[in-house]
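Peer 1: Dropping a prediction and its sequence here:
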Amino acid sequence: MTGVRFALVKVFLIGAGQVGFTIVEALHHDHELTVMDNEPSRLTAIADHYDVATYEGDGTSRRDLSRAGVGGANLVIACTSRDEVNLVAGMFARREAQGATTVIRTSNVEYVELWRGGQLDVDFVVSSELETAHAISRIIGVPAARQTDVFAEGQVQIVEFDVEEGASADITGVPLRDAKIPGDSKIAAIIRPRETTLPGGDDVVRPGDRIVVIGSPQAAKDWSSILWPESGTVRDVVVFGAGRVGSAIARVLLDQGIGVRMIEASREQARRAAEAFPKARVFNSTGLEPDFLERERIGQAQAGIFAMRDDAKNQYAASLAKVHGIPFTIAIAHEAVSVAAFEQAGIDVSVNPRGVTAEEIVRFAHDPRTKQVAMLEGNRYEVLDVITRESSRYIGTQFRDMPVHGALIGAIVRNGTAIFPHGDDVLQVGDRVIVFTEAANVPWVVEAL
Amino acid sequence: MTQAVVHRIGPRRRLAIDVFATVNLIGTLGKYLGLGALFPVVIALWYGEEIWPFLAAGAITSGLGFALERLTAGAAVRVGVREGFLVVSATWLLAAGFASLPYLFAGGDQLGHPVDAYFEGMSGFTTTGASVVTDYDALPRSIDMWRAFTQWLGGMGIIVLAIAVLPRLRVGGRQLMESELPGPEIAQLSERIRSTARLLWVLYVGLTALETLALASLGWLGVDERMTPFEALAHAFTTMPTGGFSTQARSIEAFSAAAQWIIVVFMILAGANFALMYRGFVRRRPRVFLRDEEFRLYLALALVASLVLTAQIWGYGIAEGEAAVRSGVFQTVSIMTTTGYSSTDFALWPALALLSLFALMFVGGSAGSTGGSIKVVRHLLLGKVLRRELDQTVSPEVVMPVKLNGAPVDERTLRAIASFILLYVGIWAVGAAILAIDSAFSGVDLGTLDALGTSATALGNVGPGFGITGPMGSFAPLGDVSKITLIGLMWAGRLEIVPVVVLFTRHYWRL
């Protein structure tokens, strides 16, 4: 083994829309990218920002794909907004680029099921709707969280919290070494408008901070109740919009035994939702009439999820729902710019389906040892799931002696079980390590381990 | 120029249906229907009775059918949805007429009167089982068998039989079959309507054979000496279509307890959905029974009603032990499935038991069974609709599809069910009123409950009513107006009202 090098992956990307853009943003540092789209203006926009090869062509044309050099790629990602294009492109890429990993994006859950049943000849199928639904269900599980992600088959959870005034004094205002932090968890970062610290024992969490916590799912729930004492377990959620996204969310929540009410303006769609989800109570209403909201006591719901097609409507409906008393609002932001607008409007959590999809797809681009990647705070931080090699210089090191170089080991998975390491634990070969780090440090961290 | 346009527009056609095509199809059906008279001819020959009444009946029916067919030959055959109603309704009137001919010719005093003969014929084909016969022993054996045989033909439907056997009806057969088969929808057993019709008939014939064998073996084993092969066949012919004609004046009371229990089992089967039974028995998937909401409710209703009746009979000391249980179960199943046999004179039972039986007349069998009346599935769906209405009173925006066996039911179907039940109740009430008025004028002793019960029993194709029309009574004393009313009720009830009632709407006939 000569020196460890971050494996260079040749990525071929079909689709330069929002998802494509986000993927390029995340991958352009470390990988060789070719982006193909049939819309020159989108390619120009990407080329203006990043150093990637672009090719104008049709993803459903095998000749175009071949000319653009799909044959040399290790990873082919078809992420246009059209399922058919992605499917066809994925199929052709299979033939052209033998041995490459193919990932396609779909907005139809049916294709995901087909893929799981081995009926689609691609390596991975990522559905915006499902990813969005899972992201929301994780947030609902930890209601104080702004964003959460799970690793190691759900044993490790990474949660981003806003620390507010009502937070328990066990955590805030005292140096971390004295704070009563829930067992099996760690604060990975304290994020403030100007600076971000990977905290040591002397640092103090204050109301207004945003913190990233790595810990067991139970610890994440404990954190939630410390930071947001009045929140309990969520039992009653109202989903506004019963389209694809809304339905996917309802399905995931219902499967977890959470009570769901749905509000849908289209009569047809409301009926379809009511047929599909016998356990949910479906209303045919815009969700904006005060009479209706009052009569059905929508305000008494523990959380409102706004999954209508129009961002502006989601924002207004969420504000209205807050007025009626829904304490916790999660809104779908179809446009990336809406995320900031929603936050400004006081919506508790925004989820951008395309962002979530891009994040899921990016996971496939990393080193084969790197199992999973989550992105936090835009794309400034990443969470990696890496398996240590023999040659790593930190093997045998006690955790208290680990250097803090803009990276933090939140958990290790040894023999399939998650361990939340203390100072005297020792890193071993073959450990899966969950690392929190700045995006810029990713190659360095992977190499070091 | 103007002339040419006028010419091209053509004269105004006022009829909305194709009469020629309709009559042509009815003629074809009649032609083959007449062949049904051959069966009693065999019976008559066997017992050395007169065969000419049956031969004449068959010849007249087939001849009339043939004539109608020839007279309208060459007309473009366009039997669509509209014509279907008329074909079905008229064919059933014709069939009842066919059934009445042997009674006219050989019925003597009991059945010889035209209205009586037609009543008995309609009661036969509609599987009602109401009879004007008073002295059963005086009837020839061939007439006994003819009565049973007409019920058997009518049970699964003469048009369903025609679709199964005749190639001609393949076009537009679905609509005709929908009108004739009981229940709001046909469960599809096969892609092709003809195969479905065949499978239904095969199952029907198979179950009839099985029952005949089971009953006849009681006679052979010496358990029930009165249950001869002739009786076994005659009663299987009237059990499977939930008919209810018996060769005996005292109906099933004349036979042993074992025979009664066997008949109970086959009545329950006859009142179940044949498509469901085909999947359960023939394709060996017994779980379909448990999963079917209608079948579960059907059994539950039968069980609860049996318990109520048994408790009543036992409590009042009318019978006890096995006899009480048997009477309770038998009478529940017989009335609920609209068979109409009696194992005892239930007219003598206490008021609550009578009211229970009265209510059971409105339950009926399952959809796709040979039973009549409203049918369990309609009650089930109406209940669900009512529950939804209550919910929507509180929350007008709530969307709740009504589901049957997990599948959403079309709103149109639900509306159709609601209007069916309204029509059913309305026609029942009007029928009862006519019976009461006519009886008052003609001096027949028909009480309030009797009039209501007699109207319900005819419309539901059950058979016995209350009072003079009760289980051991006869419909003979009623006046002609009453009998004609009952004929209409039986006819409308068998065809599930709508195909008959649309004939009385203006826009059915006129553009």
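Peer 2: All right, it came through fine.
Peer 1: so how far is whichever strand or helix holds residue A:64 from its chain's centroid?
Peer 2: Under the criterion of DSSP states H and E, residue A:64 resides in helix A:62-68. Offset of helix A:62-68 from its chain centre (Cα atoms, centre = their mean, to the nearest Å): 32 Å.
Peer 1: any residues touching it, and which ones?
Peer 2: The contact list for helix A:62-68 (Cβ atoms under 8 Å, 6 or more residues apart in numbering or on different chains) reads A:12, A:14, A:34, A:36, A:55, A:57-59, A:89, A:92-93, A:95-96. (Each C-beta comes from the backbone N, C-alpha and C, glycine too.)
Peer 1: Among the residues you listed, which lie within strands?
Peer 2: A:12, A:14, A:34, A:36, A:55 (DSSP state E).
Peer 1: and of those, the nearest to residue A:255?
Peer 2: Ranked by distance to residue A:255 (Cβ to Cβ), the ones in strands among the contacts of helix A:62-68 are led by residue A:14 at 32.3 Å.
Peer 1: That closest one: what's it in contact with?
Peer 2: Taking Cβ under 8 Å, 6+ apart, we find residue A:14 in contact with A:20, A:36-37, A:59, A:65, A:76-80, A:85-86, A:89.
Peer 1: tell me the SS of residue A:260?
Peer 2: Of the three states, residue A:260 takes strand according to DSSP: H, G, I helix; E, B strand; the rest coil.
Peer 1: Tell me where chain A is predicted with low confidence.
Peer 2: Counting by pLDDT under 70, the ranges of chain A that qualify are A:1-8, A:143-144, A:152-154, A:228-233, A:365-379, A:403-405.
Peer 1: Buried residues in the lengthiest helix in chain B, which are they?
Peer 2: The longest helix of chain B (DSSP state H) is helix B:411-442. For helix B:411-442, a neighbour-count test (16 or more other Cβ atoms under 10 Å in any protein chain shown) marks B:414, B:417, B:420-421, B:423-424, B:427-428, B:431-432, B:434-436, B:438-439 as buried.
Peer 1: Contact residues of chain B facing chain A?
Peer 2: For chain B, the residues in contact with chain A (Cβ under 8 Å from any Cβ of the partner chain) are B:395, B:397-401, B:403, B:408.
Peer 1: mind redoing it with 10 Å?
Peer 2: Selection of chain B residues close to chain A by Cβ under 10 Å from any Cβ of the partner chain yields B:391, B:394-401, B:403, B:406-408, B:411.
Peer 1: and residue B:320, how many neighbours?
Peer 2: If you count neighbours by other Cβ atoms under 10 Å in any protein chain shown, residue B:320 ends up with 12.
Peer 1: How about residue B:370?
Peer 2: 32.
Peer 1: so what's the backbone phi/psi at the residue most central in space within chain A?
Peer 2: Of all residues in chain A, the one closest to the mean position by Cα atoms, centre = their mean is residue A:356, 4.6 Å from it. According to degrees, to the nearest 10, the main-chain angles of residue A:356 amount to phi -60, psi -40.
Peer 1: Pull out the buried members of the contacts of helix A:62-68.
Peer 2: Buried among those by 16+ other Cβ under 10 Å: A:12, A:14, A:34, A:36, A:55, A:57-59, A:89, A:92-93, A:96.
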